[in-house]
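*Asks:* Next input, structure requested:
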Amino acid sequence: MSERIDRMKAEHKELKEKLEALNKFIHSNSIFKKLDDLEQARMIKQAGFMEVYLSTLESRIWCA
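*Replies:* You can find the predicted model right below:
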């Protein structure tokens, strides 16, 4: 396997872990509910972008 694919797989793993942690915070942590509405919206938006990024990495890995 090429070094490029290995780097993408490592990046994918790290991003997936970060996204899972962010989603857990959003959906399961009472602190999230105490944040102001705009900060909550920004975090939800960030999670959405991370999901798209993760999906793109998956596609790139699969095609490689």
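*Asks:* Skip the chain neighbours and tell me the closest residue to I26.
*Replies:* F32 (5.5 Å; CB to CB, 6 or more residues apart in numbering). Every C-beta, even on glycine, is put in place using the N, C-alpha and C of the backbone.
*Asks:* How far off centre is the helix or strand harbouring the one you found?
*Replies:* Element membership for F32 (DSSP states H and E) is helix 30-34. Computed by CA atoms, centre = their mean, to the nearest Å, the chain-centroid distance of helix 30-34 equals 20 Å.
*Asks:* buried set for that helix?
*Replies:* By neighbour count on 16 or more other CB atoms under 10 Å, the buried set for helix 30-34 is F32.
*Asks:* same thing with stretch 34-48?
*Replies:* M43, A47.
*Asks:* Helices of the chain, start to end?
*Replies:* Taking DSSP state H as the criterion, the chain carries its helices at 3-28, 30-34, 37-63.
*Asks:* Make a markdown table out of those helices and add mean pLDDT.
*Replies:* As requested, the helices of the chain are exported to a markdown table (pLDDT from 0 to 100):
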| stretch | mean pLDDT |
| --- | --- |
| helix 3-28 | 97 |
| helix 30-34 | 97 |
| helix 37-63 | 98 |
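*Asks:* if we can go back for a sec, give the other helices and strands that the helix holding F32 contacts.
*Replies:* helix 3-28, helix 37-63 (3 or more CB pairs under 8 Å, 6 or more residues apart in numbering; DSSP states H and E).
*Asks:* OK, contacts around the residue nearest in space to the middle of the chain?
*Replies:* Centrality entry for the chain: nearest residue to the mean C-alpha point is L19, 3.1 Å, by CA atoms, centre = their mean. For L19, the contact set (CB atoms under 8 Å, 6 or more residues apart in numbering) comprises A47, M50, E51, L54.
*Asks:* which residues touch stretch 45-61?
*Replies:* If you take CB under 8 Å, 6+ apart as the criterion, stretch 45-61 is touched by I5, M8, K9, E11, H12, L15, K16, K18, L19, L22, N23, I26.
*Asks:* hmm, 10 Å instead?
*Replies:* 4-5, 8-9, 11-13, 15-16, 18-20, 22-23, 25-27 (CB atoms under 10 Å, 6 or more residues apart in numbering).
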